[in-house]
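> Please find the sequence and the predicted model below.
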Amino acid sequence: MKPRRERMRSPRFVRLAGTGLAGLIAALAIAAPASAATCAGKSSQPFTPWGDFNFYELAPNGTLESTNGWTLTGGAKLVKGSEPFAVTGRLGQYSLSIPAGATATSPVFCIDEVRPTFRFFGKAVQGSSASLRAEAIADRPAQYAALGSVSGTTAWAPVAPMDTGAKSLLLDGKGTAAVRLRFTATGDWQIDDLYIDPRKMG
C-alpha cells in the first residue's frame, strides 16, 4: 500500500524541506530507526474511572519511573511523587517535572491510524493558566505535527485525549510511523503514566 496523507486542519502537518531544517528536527528528535518502534503491546483501560472505556497501551517508559529514553531540556527532571490512582496496577514513586520553558521528548514508538490518541496524567502549579504543548516528531521522512495543548489542574488528573498525529503525518508503506512526542511547558508541570490509544476491543 502506498503512503498516503490525509488532509486535516488540525493537527497542523508540516513536511520539512531542505537539509538544514530536516537535520535540525532529526537532531531534536534524536532519531531512532523505525524498527525500534512497535505497534503491538499489552492493552488495558486505565481511564475507566473518568468515563473513558477505550483500551490503551503504555508508551515506552510511559510509567516515568525513570527517564531512560527520554530527552530533557531546560531543567526537566525526574522527581518524587506519582499520580495517586495507580492505573498501571501499582502506585509509582516518580513523575516527570517539566518547568516553564522546559521540554521533554519521549522515547520512539509506533503510531498508525488505529492509534489516534494519547493521554497521560498531569498537574501544574499554576492550574488552568499553565499549558503543555505537544508535537509528534518523526525522522523518516523528517516531519512533525503540532498536536495542540492542554491546560493544567492543581491536583493530579488525566488530561483530555490528544491526537497522536497519525492522520496527518506521512506514514510508511506499512501504514505506520516511528515518532517521539515532545512536550513544551508554559507553567510548572508534572506528568506521569503516558498511554497510547490503540482502539482495541479487548
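Perfect, I can see it now.

> Spatially nearest residue to the residue nearest the centre of the chain, not counting backbone neighbours?
Nearest residue to the geometric centre of the chain (Cα atoms, centre = their mean): residue 181, 4.0 Å. In this structure, residue 181 finds its nearest non-sequential neighbour in residue 106, 4.4 Å apart by Cβ to Cβ, 6 or more residues apart in numbering. No exception for glycine: its C-beta is placed from N, CA and C like everyone else's.

> Enumerate every residue touching the residue lying closest to residue 58 once chain neighbours are set aside.
Spatially, and ignoring its direct neighbours in sequence, residue 58 is nearest to residue 195 (5.9 Å; Cβ to Cβ, 6+ apart). Contact analysis of residue 195 by Cβ atoms under 8 Å, 6 or more residues apart in numbering lists 46, 47, 56, 57, 58, 59, 62, 118, 119, 120.

> what separates residue 195 from residue 55, distance-wise?
10 Å (Cβ to Cβ, to the nearest Å).

> re earlier: show the contacting residues for the residue nearest to residue 181.
By Cβ under 8 Å, 6+ apart, the neighbours of residue 106 are 59, 60, 61, 62, 69, 70, 180, 181, 182, 194.

> By neighbour count, which of these wins?
Using other Cβ atoms under 10 Å as the neighbour criterion, residue 180 leads these with 26 neighbours.
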